[in-house]
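Visitor: using only what follows, build the 3D model:
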Amino acid sequence: MDKPRHPVGRAVTGAALLLLATACAPPLPKGDLDPGAPEGKIVTAEAIAATHAGTVWDALRWTVRNMTYRSDHNGRPMVIRARGRSSVQSNETVLVYVDGVRLSDIAVLGQMPASSVERIEVLSGIEASTYFGTNAGDGVIHIITKTR
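Guide: Take a look at the predicted model:
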């Protein structure tokens, strides 16, 4: 009698096992950093204080590296863009939220004291879209203040 054959009939490679184990790993507890995450994913109040930044705009420019920051001729914040990607369908601007509320004009970041920030969370791509909607595909900077 013939032996029944496995329907797939292929050996599982080490890379496939690694991918499967990574995809099935439990999420990290809130506040912990993913060791493989890009630097600057969560910027703490201590890191902001170490920069001696006076405003949140300066704190962002000095701590969140994978963004391009543009100001007008008076130094007023105008736009934040994600580096390295571009899309025909998107306006390529990073959305900015303060305590869960989207800023319509990021110029206020030039007036907010950096000392009022508890932490800055930087989300990109799919992660940003998951939490903040499809318009957040280029990323989100979520500023959490100490006085919420």
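Visitor: pLDDT-wise, which helix or strand of this protein ranks last?
Guide: helix 14-23 (a mean of 50; mean pLDDT, DSSP states H and E).
Visitor: helix or strand right after that helix?
Guide: Using DSSP states H and E, the helix or strand that follows helix 14-23 towards the C-terminus is strand 42-44.
Visitor: in that following strand, what's buried?
Guide: 42, 43 (16 or more other CB atoms under 10 Å). Placement of C-beta: from N, CA and C, glycine included.
Visitor: show me what that strand is packed against.
Guide: For strand 42-44, the helices and strands in contact under the criterion 3 or more CB pairs under 8 Å, 6 or more residues apart in numbering; DSSP states H and E are strand 117-123.
Visitor: partner strands of the strand it packs on and their direction?
Guide: The pairing partners recorded for strand 117-123 under DSSP bridges are strand 42-44 (antiparallel), strand 140-145 (antiparallel).
Visitor: what's the first helix or strand after it?
Guide: helix 125-132.
Visitor: so residue 128 makes contact with residue 139?
Guide: Yes. Between residue 128 and residue 139 there is a contact at 5.2 Å, judged by CB atoms under 8 Å.
Visitor: so what's in contact with those two at the same time?
Guide: residue 95 (CB atoms under 8 Å, 6 or more residues apart in numbering).
Visitor: out of the strands paired with strand 117-123, which is closest to residue 105?
Guide: Among the strands paired with strand 117-123, strand 140-145 comes nearest to residue 105, with 14.3 Å by CB to CB.
Visitor: flag every buried residue along the closest one.
Guide: 140, 141, 142, 143, 144.
Visitor: need those in TSV with pLDDT and distance to residue 47, can you?
Guide: Shown next, in TSV, are these (pLDDT from 0 to 100; distance: CB to CB, whole Å):
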residue	pLDDT	distance to residue 47
140	92	19
141	93	14
142	94	16
143	95	13
144	95	14
